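>>> Okay, predicted coordinates and the sequence, questions at the end:
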Amino acid sequence: MKRLAILGATGSIGEQTLSVVEAFPDRFRVTALAAGRRVEKLADQVRRFRPELVAVADAGAAGALGDLLGAEAPKIEWGEAGLEAVAVHEADQVVSALVGAVGLRPSLAAIRAGRDVALANKEVMVMAGALVLRELRAHGGRLLPVDSEHSAIFQALAGQRREDLQRIVLTASGGPFRTWPAERIAAASIERALAHPNWSMGPKITIDSATLMNKGLEVIEARWLFDVPAEQIDVVVHPQSVIHSLIEMNDGSWLAQLGVPDMRGPIALALAWPERLPLLAAGGSLADLPRLDLAAVARFDFEEPDAARFPCLPLAYAALAADEAAPAVLNAANEEAVSAFLAGRIPFPAIAATNAAVLEAHIARVAPAAVADLEDVLAADEWARAQARERLAAGRSA
Ligand code: NAD
Ligand code: MG
């Protein structure tokens, strides 16, 4: 019986994780759950999974959850301390599925407690990849990728000698604006940006998929997860989202992992690795999981990503080339810009323009900055947010 603590339980990844857990009740037990403010959904999860501890965003949400659950309430904590309590609560594995920088501290706490971590919250690796690797080595836990591309690479690399790896190729769906001309993208509405062609996900990553910032964040994530330099990581657009990513070996041979675009596959793999859960035979909460039908997919298409219409992707490479703090700067600027776009305060192209301007200002401001500890990462994050907010408020992105 594997005991699980889940950070971000009410989100898209959190809910899908619980649907996998529900289908294998003799394999997993949920000991702790953390979420933000969706207390009704969390209360329902508490009744179904009976964790010993839950955490929510703030005192108000904690009170509301306690009222909803009454005598059924487990221990309820809140705020940053609550997230960390869930991260280090008694468990064998922590599912890191918060969105954005808020997940960094609790994910590091889980790693420092020696837990295995199933990582969906890619911003953790983008902000602090080198630090995360150091802490993993010091504390002996494993990092299991949940992001579908990284899960694919992880599976393709299994059994291969690392020195034989030539190159990682991440696939990208291209997002909702793949075929749109630049002028049309410039006027894109929030609704159109949120309408992803292949994947149903939380709002932040869906906007990141529309700008291709998501693929840029994934390049940075892959750089650290697989300890491969940026020069050996490429991106190809593959609109069907069936090939989840590929590796090229030094003999010219390629290995890929394929599947339907459904996150329950990579989530289940991260929960059970090196075993595989028999999802196809599961029924119940997984009865609707489609099987891959190649004849129905009919064809695989590939194209180069267009850096002119999607300038966020090259920004990720620029950040990796700059210094260790630059990816955290880019990530923070992007979080601020995406939330401004989702609030209707800026047009779509201002996301990329803000990210570019803040990254440029960072590169111009300092001699290359090393990241020694969490404080350095948080300082870069805070500086970049202030820069981004100032530009966003002034309606000036450059
Ligand atoms: P989501 O917005 O659906 O869920 C985020 C979760 O975090 C929710 O439970 C929310 O309540 C919680 N949360 C947010 N802020 C909080 C705070 N301050 N305190 C406590 N809880 C807070 O996001 P998602 O789509 O599930 O994505 C989660 C992570 O997984 C992201 O980093 C994303 O990039 C990554 N990811 C998601 C998918 C996907 O299919 N959804 C695929 C690959 C990677
Ligand atoms: Mg992905």
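Received it, and whenever you're ready, just let me know what you need. Quantities reported herein were computed from a predicted structural model and do not represent experimental measurements. Ligands and ions are numbered 1, 2, ... in the order given.
>>> Phi first, then psi, for the closest residue to ligand 2 within the chain.
Residue of the chain nearest ligand 2, by C-beta to the ion: Asp147 (4.2 Å). Using the backbone N, CA and C atoms, a C-beta is placed for each residue, glycine as well. Dihedral pair for Asp147: phi -50, psi 130, per degrees, to the nearest 10.
>>> How is the protein partitioned into domains?
Annotated domains of the chain cover 2-147+261-286, 182-188+308-398 [automatic domain parsing].
>>> Which secondary structure elements does the longest helix seen in the chain sit against?
Longest helix in the chain by number of residues, with DSSP state H as the criterion: helix 374-393. If you count contacts as 3 or more C-beta pairs under 8 Å, 6 or more residues apart in numbering; DSSP states H and E, helix 374-393 packs onto helix 104-112, helix 123-139, helix 326-342, helix 349-365.
>>> Val235 - that's part of a strand, no?
Yes - residue state for Val235 (DSSP: H, G, I helix; E, B strand; the rest coil) corresponds to a strand.
>>> just checking, Leu292 touches Val242?
Yes - Leu292 lies in contact with Val242 (C-beta atoms under 8 Å); the separation is 6.8 Å.
>>> Show me which residues of the stretch 1-150 of the chain sit near ligand 1.
For the stretch 1-150 of the chain, the contact set with ligand 1 under C-beta under 6 Å from any ligand atom comprises 8-14, 34-36, 38, 57, 83, 97-99, 102, 120-123, 147.
>>> ok, then the element right after the helix or strand where Gln45 lies?
Using DSSP states H and E, Gln45 maps to helix 39-49. Using DSSP H and E, the next helix or strand after helix 39-49 towards the C-terminus is strand 53-56.
>>> What lies in contact with that next one?
For strand 53-56, the surrounding residues in contact (C-beta atoms under 8 Å, 6 or more residues apart in numbering) are 31-37, 39, 42, 46, 62, 65, 74-78, 82-83, 85-86, 89.
>>> all helices for the stretch 101-250 of the chain, in order.
Secondary structure of the stretch 101-250 of the chain by DSSP state H, counting those that start in this stretch: the helices cover 104-112, 123-139, 148-157, 182-186, 190-193, 203-211, 213-225.
>>> The residue in the chain that ligand 1 sits nearest to - nearest residue in space that isn't next to it in sequence?
Per C-beta to the nearest ligand atom, Gly11 is where the chain lies closest to ligand 1, at 1.9 Å. In this structure, Gly11 finds its nearest non-sequential neighbour in Gly202, 5.3 Å apart by C-beta to C-beta, 6 or more residues apart in numbering.
>>> What separation is there between that neighbour and Val99?
Gly202 is 6 Å from Val99, where distance means C-beta to C-beta, to the nearest Å.
>>> Just want to know which of those two has more residues nearby.
Neighbour count, other C-beta atoms under 10 Å: between Gly202 and Val99, Val99 has more, with 21 against 17.
>>> Buried residues of stretch 43-50, list them for me.
Applying a neighbour-count criterion of 16 or more other C-beta atoms under 10 Å, the buried positions in stretch 43-50 are Ala43, Gln45, Val46, Phe49.
>>> give the contact list for Glu72.
For Glu72, the contacting residues are Val46, Arg47, by C-beta under 8 Å, 6+ apart.
>>> The spatially closest residue to the residue of the chain closest to ligand 2 that is not a sequence neighbour: what's it in contact with?
Using C-beta to C-beta, 6+ apart and skipping residues adjacent in sequence, the residue nearest Asp147 is Lys122, 5.7 Å away. Taking C-beta under 8 Å, 6+ apart, we find Lys122 in contact with Asp147, Leu217, Glu218, Glu221.
>>> returning to that earlier point: mind checking the backbone torsions on the residue of the chain closest to ligand 1?
Dihedral pair for Gly11: phi -80, psi -180, per degrees, to the nearest 10.
>>> My read is that it contacts Ala34, right?
No - between Gly11 and Ala34 there is no contact under C-beta under 8 Å: 10.5 Å.
>>> and these two? which has more neighbours close in?
Ala34 (33 against 25).
>>> Pretty sure the more buried one sits against Val86.
Yes - using C-beta under 8 Å as the test, Ala34 is close enough to Val86 to be in contact (4.1 Å).
>>> what is in contact with Gly202 and Val99 at once?
Contact criterion C-beta under 8 Å, 6+ apart; residues shared by Gly202 and Val99: Gly11.
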